[in-house]
Each structure stands twice: as structure tokens, then as C-alpha cells.
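Colleague: Sequence unavailable; structure follows:
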């Protein structure tokens, strides 16, 4: 998860909303220390720069799991989806199957083709 987040860092900085509970929740999960929390929250920086600062603080898989939990808790599921789908490059179909519906003479048949 850490690798995916770091690869998508610049895109994520434009998607994440650090206020409205995210930073508070990360503090309560001990992903951020009080000093880190204040550093990300404070200042006149644009939101994307504060998000860059936040993402730079994620250094372990455990922190990333908690970060994902915090995103879900603060109604940022779209960001979670973006991360888990590697920026939209991964199929959302289960088991990497492609579902093809073929209409043959009015009869619908469902075929499964493994990738």
C-alpha cells in the first residue's frame, strides 16, 4: 500500500481533503504525532502542499492501513478507490475476469475469460 500511495502522491494531493476530520482521526490512530498534526494543519500553504506534507509522513504499511481507514471514516472513499485501483489502472472486476455477454439469436450467454 505504501508503494501505491507514494507512486500516486501528486495526484492524491489534489484529491485528499485534509480537514473535516481526517487529520484529527489520523492523530487519534497515532499515525500522526501532535507536532506532525500541527505542521500539516498550520500555515498558509495551499491544500495540495499540506497533503504533500501529510503523505510524506506515511512511512510504513501500518500507517498506510490506518490512513485508508481514516479516509473511509471521513467520507473519502473515492480516494481509497483511486489508491486501491492504482490510479485507475487496475480492473475492478473480481479475480481478473472479463465478463462478456454475447447475444446469439436472442439468447444471452455469459462467458468467463481469464486474463
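Modeller: That came through fine. Quantities reported herein were computed from a predicted structural model and do not represent experimental measurements.
Colleague: contacts and neighbour counts: CA atoms only from here.
Modeller: OK.
Colleague: ok, the closest residue to residue 24 other than its chain neighbours to residue 5 distance?
Modeller: Distances taken as CA to CA, 6 or more residues apart in numbering put residue 37 closest to residue 24, at 7.9 Å, once the chain neighbours are dropped. Computed as CA to CA, to the nearest Å, the residue 37 to residue 5 distance reads 19 Å.
Colleague: before we move on, the earlier item: correct me if wrong: the residue nearest to residue 24 contacts residue 23.
Modeller: Yes. Under the criterion of CA atoms under 8 Å, residue 37 makes contact with residue 23 at 6.6 Å.
Colleague: Pick out whichever of those two has more residues nearby.
Modeller: Applying other CA atoms under 10 Å to residue 37 and residue 23 shows that residue 23 carries more neighbours, namely 24 against 16.
Colleague: So for that one, what's the pLDDT?
Modeller: Model confidence at residue 23, expressed as pLDDT, equals 96.
Colleague: same question, residue 108
Modeller: The model's pLDDT for residue 108 equals 50.
Colleague: hang on, the earlier thing: which other residues reach the helix or strand containing the residue nearest to residue 24?
Modeller: Taking DSSP states H and E as the criterion, the element that holds residue 37 is helix 34-41. With contact meaning CA atoms under 8 Å, 6 or more residues apart in numbering, helix 34-41 is reached by 19, 23-24, 27, 50-51, 53-54.
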